[in-house]
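1. predicted model and sequence follow; I will ask about them next.
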Amino acid sequence: MSGTPPPAGGFVRRIGLFQATAINMSQMCGIGPFVTIPLMVAAFGGPQAVIGFVAGALLALADGLVWAELGAAMPGSGGSYVYLRQAFQYRTGRLMPFLFVWTAMLFIPLIMSTGVVGFVQYLGYLAPDMSRTTGDLVGLGMVALVVVLLWRGIEHIARITAVMWGVMITSVLLVIVAAATDFSAGRAFTYPAHAFALSTSHFWVGFAAGLTIGIYDYLGYNTTAYMGAEIKDPGRTLPRSIIYSILGIMAIYLLLQIGTLGVIDWQRMSDPGDIASTSVASAVMEETWGKGAADTVTVLILITAFASVFTGLLGGSRVPYDAARERVFFRPYAKLHPRHRFPMLGLATMGVITAIGFLIGRHTDLATLIQLLTTVMVIVQALAQIVALSVLRGRQPGLRRPYRMWLYPVPSLLALAGWLTIYGYADKNSPGRHPIEWSLAWVALGLVAFVVWARLEKVWPFGPKEVTEEYLTAPATETEPAGT
């Protein structure tokens, strides 16, 4: 931890490697794979859908290395906000970090809302007669409970997260083991004609849709980067927690996807009237070990979904804090709880947006919702952060980097290609929804908001840029270690 600034604003470094990895994995493997396996199969039109999870893992790993270098070098609260602020302050002042917070305050809680939608969806397996109104009330109650549990000190949250991580691992492993007991290789590896016709546009449209779903399932590998000011020895812990969580979840997802396809015919997953299209894990358990086992695992999946929303709001609520403290967002967001030292307004705001997003998602196709969320995130976070890595290497060569990206710039270029593929095919995968247009409109609205805010605060372009290199503590000639 030497060479890094002390925790900002009273945060305490209490989260170690195991807890950090557990936080990432709990967020990554929430309800996601249990509700997106049928979506992935529908996107590819067959069991070759496993390609989507592999592609998503490669994109997550390439992008994760970007997060690893930036997070280790600048372990502050707020994640991307910190990195974009440091990289782009030289030319555009506070514009980029402002736009990031502007979009993050929307896409982070809306991603959490998909977890709540999945929670209610699986609850429907246990309560098939549940009305839509009852489901809405259950989802809203879940959001309220998450906020209440997070309204406490980080030391209690770390213990809760470790328990939830154990439940998550148990639920996934039970489904994998159950699938292995009745696995049919013929069912899992028999592909429809032209399944791998790379020369057709149909394959690439399906691939882009599958890549979007795949990276959605891996989102969360960066959760602890948002909590950099609360991580022990961040120069080593942050990169390792990101890499370990991606590799661990990749293995779990592949076993889960292949095992599920070996038990349930892929055509059933594409049938909206079949239980396998909404509760595929429960269908696997019922097919292999019976209804009692299916009910039990469904309960564990519900806990897993709860854990993902819990950890997502835990990390996401830290995003506006550092921005507000540095006068790049509304100032009330800089206030911490006087006793437990967590950002109160950030947590409350994201809880409300999660609840609203849940209600919207209940009446929206989940695949389209994922497409919209991912598209909004790509412009201001994913692409900008890749550029920020290169900018900082040029602008701040003396920045202490406990971890340096392996094979730079290859992972950056792979991540760039992956995100551009997702963005470029967004409209084709959501006909009539126009996610690209919506994302551009949201960014344009953010630019207007920035101009108004900058005028009030008298900062660039209505004042000085105020360049601050707070993490640049090492001499420019210092030799930096490579790897972890």
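-> Structure received. Keep in mind it's a predicted model, so treat the numbers as computed, not measured.
2. so who does I356 touch?
-> S113 (CB atoms under 8 Å, 6 or more residues apart in numbering). For the C-beta atoms, the positions are set from N, CA and C on the backbone; glycine is no exception.
3. that one is in what secondary structure piece?
-> helix 344-361 (DSSP states H and E).
4. any idea how far that helix is from the chain center?
-> 16 Å (CA atoms, centre = their mean, to the nearest Å).
5. hey, C-alpha coordinates of that helix in PDB?
-> Extracted C-alpha coordinates of helix 344-361, given in PDB (Å, rounded to 0.1, in the frame of the first residue of the first chain):
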ATOM      1  CA  MET A 344     -25.900   8.200   2.200                       C
ATOM      2  CA  LEU A 345     -27.400  10.200  -0.800                       C
ATOM      3  CA  GLY A 346     -25.700   8.000  -3.400                       C
ATOM      4  CA  LEU A 347     -27.100   4.900  -1.900                       C
ATOM      5  CA  ALA A 348     -30.600   6.400  -1.500                       C
ATOM      6  CA  THR A 349     -30.700   7.700  -5.000                       C
ATOM      7  CA  MET A 350     -29.500   4.500  -6.600                       C
ATOM      8  CA  GLY A 351     -32.000   2.600  -4.500                       C
ATOM      9  CA  VAL A 352     -34.900   4.700  -5.900                       C
ATOM     10  CA  ILE A 353     -33.700   4.400  -9.500                       C
ATOM     11  CA  THR A 354     -33.300   0.600  -9.100                       C
ATOM     12  CA  ALA A 355     -36.900   0.500  -7.900                       C
ATOM     13  CA  ILE A 356     -38.100   2.500 -10.900                       C
ATOM     14  CA  GLY A 357     -36.000   0.500 -13.300                       C
ATOM     15  CA  PHE A 358     -37.500  -2.700 -11.900                       C
ATOM     16  CA  LEU A 359     -41.100  -1.500 -12.500                       C
ATOM     17  CA  ILE A 360     -40.100  -0.500 -16.100                       C
ATOM     18  CA  GLY A 361     -38.300  -3.900 -16.600                       C
END
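6. which parts of that helix are buried?
-> Using 16 or more other CB atoms under 10 Å as the test for burial, helix 344-361 gives 344-347, 349-351, 353-355, 357-358, 361.
7. what about the helices in the stretch 1-150 of the chain?
-> Listed in chain order, the helices of the stretch 1-150 of the chain (DSSP state H, counting those that start in this stretch) span 17-28, 32-44, 50-73, 80-92, 95-126, 132-150.
8. and of the ones you listed, who's closest to T375?
-> helix 95-126 (9.4 Å; CB to CB).
9. what mean pLDDT would you report for the closest one?
-> For helix 95-126, mean pLDDT is 89.
10. same question for stretch 314-323.
-> 78.
11. so which bits of it are buried?
-> So, applying 16+ other CB under 10 Å, buried residues of stretch 314-323: L314, G315, G316, S317, R318, V319, P320, Y321, D322, A323.
12. give the ranges of residues in the protein that sit below the confidence cut-off.
-> Low-confidence segments of the chain, defined by pLDDT under 70: 1-11, 153-161, 337, 340, 431-432, 473-484.
13. middle-most residue in it, spatially?
-> Compute the mean C-alpha point of the chain, and by CA atoms, centre = their mean the closest residue is L219, 2.7 Å away.
14. quick one: contacts for that residue?
-> Neighbour list for L219: Q27, M28, G32, A60, I111 [criterion: CB under 8 Å, 6+ apart].
15. cool, and M405?
-> L65, V66, A68, E69, L389, P411, S412.
16. which SS class is it?
-> coil (DSSP: H, G, I helix; E, B strand; the rest coil).
17. state the distance from it to A307.
-> According to CB to CB, to the nearest Å, M405 and A307 sit 30 Å apart.
18. try L399
-> 35 Å.
19. who has more neighbours, these two?
-> Between L399 and A307, counted using other CB atoms under 10 Å, the more crowded position is A307 (29 against 22).
20. burial count for L472?
-> 18.
21. my guess is it contacts R395, does it?
-> No - counting by CB atoms under 8 Å, L472 stays clear of R395, with 9.3 Å between them.
22. picking that back up, could you dump the contacts of M405 into a markdown table and include distance to R94?
-> Formatted as a markdown table, the contacts of M405 follow (distance: CB to CB, whole Å):
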| residue | distance to R94 |
| --- | --- |
| L65 | 27 |
| V66 | 22 |
| A68 | 25 |
| E69 | 23 |
| L389 | 19 |
| P411 | 28 |
| S412 | 24 |
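23. what is the nearest of these to A49?
-> Nearest member of those to A49, counting by CB to CB, is P411, at 25.0 Å.
24. that closest one contacts V66, doesn't it?
-> Yes - contact criterion CB under 8 Å: P411 and V66 qualify, at 7.0 Å.
25. many thanks, I have nothing further to ask.
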